[in-house]
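Trainee: One predicted model, sequence on top.
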Amino acid sequence: MSHDTAAPMQSFESAFLNKYNSMPVQPDRIISAATQLFTRRRSREQGPVLQDACRPTDIASALAIQAAVTRLLGAEIGGWKCATPAAGQVVLAPIYQTSIHATNPCPLLVRGSMAQVEPELAFVLGCDLPPREQPYTPADIDAAIVRTHLSLELLDSRYLDHRAVSFLDNLADGLVNQGLFLGPQIDPAGECGTLALQIGSTNETLAGHHPAGSPRLPLYWLAEYLRSQGQGLRAGQVVITGSYAGCIPLPIGQDVAIRYGELGTLTVCFQSDA
């Protein structure tokens, strides 16, 4: 997936990076943590939890590490994953443009014998939502959404076991994101909080429930949160807002069809990019 609006909107991404890299949250600690996580991304090797001397201690330091990793990668932010905050947690992480795929076979880093994915809806923005003084309303954000797609978040962690580390550790590492597979476009009138997910030809059906109830609610939060931080969203960016069924394993090297209730069917074939 690509778009031609990156240049004029570069200031948005710079604002995100500069804000958290300029905060008084022990710069040496941030640089050390980000360098280790960046190195793991580049080498594609996992490792243990970071040493206490450089682990994030709060939301600000976790986001500073996350932003510093993005800067080290030199990566363009093609989208975001987010969720409505709970218990004071800020839930957002960039999805890099090079990791967003819309055709088969879909390349990904495979650990073990199965791909680990989360079934979601993805919202594509048709216009910018720049920083401004006036808050964004749900109507503003609805007007900015140009397409809704069936999608799969592709999962991976730079930790040996992301379940064994804290929320802040995972936030610093991008919340277990490897990328995104963008499936067919759907009628936005069909967006819903519950749906039956049928996986493959085995008639296995999962009762899907969006964690926010409505799949657009976390996007409303994200746009307003970024605005409040002097940042924004860009035309062409894709936002995912939560899994309907947690993490599900899918086989490698064969077509798998996933039916999202009455919304439609996504077909994917994963291929190891090793």
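Mentor: Looks like it arrived, so ask away.

Trainee: could you pull out the strands for the stretch 151-274 of the chain?
Mentor: Here the stretch 151-274 of the chain has its strands, by DSSP state E, counting those that start in this stretch, at 177-186, 194-199, 204-209, 238-240, 248-251, 256-260, 265-268, 270-272.

Trainee: what's the least confident stretch among those?
Mentor: Of all those, mean pLDDT reaches its minimum on strand 204-209 (a mean of 92).

Trainee: so it versus strand 194-199, what angle?
Mentor: 150 degrees (axes from the mean of the first three to the mean of the last three C-alpha atoms, to 10 degrees).

Trainee: Name the residues that touch strand 204-209?
Mentor: By C-beta atoms under 8 Å, 6 or more residues apart in numbering, the surrounding residues in contact with strand 204-209 are 119, 193-199, 244-245, 248, 260-261. Heads up, the C-betas are built off the backbone N, CA and C, glycines and all.

Trainee: Let's see that with 6 Å instead.
Mentor: 194-198, 244-245 (C-beta atoms under 6 Å, 6 or more residues apart in numbering).

Trainee: and if you look at stretch 110-117?
Mentor: Residues outside stretch 110-117 that contact it (C-beta under 6 Å, 6+ apart): 108, 152, 154-155, 247, 249-250, 252, 270, 272.

Trainee: Now rank those residues by neighbours and give me the top one.
Mentor: In terms of neighbours by other C-beta atoms under 10 Å, those top out with Leu152 at 29 neighbours.

Trainee: quick one, what contacts that one?
Mentor: Counted by C-beta under 6 Å, 6+ apart, Leu152 has contacts 117, 119, 181.

Trainee: Just give me the closest of those to Gln97.
Mentor: Phe181 (14.1 Å; C-beta to C-beta).
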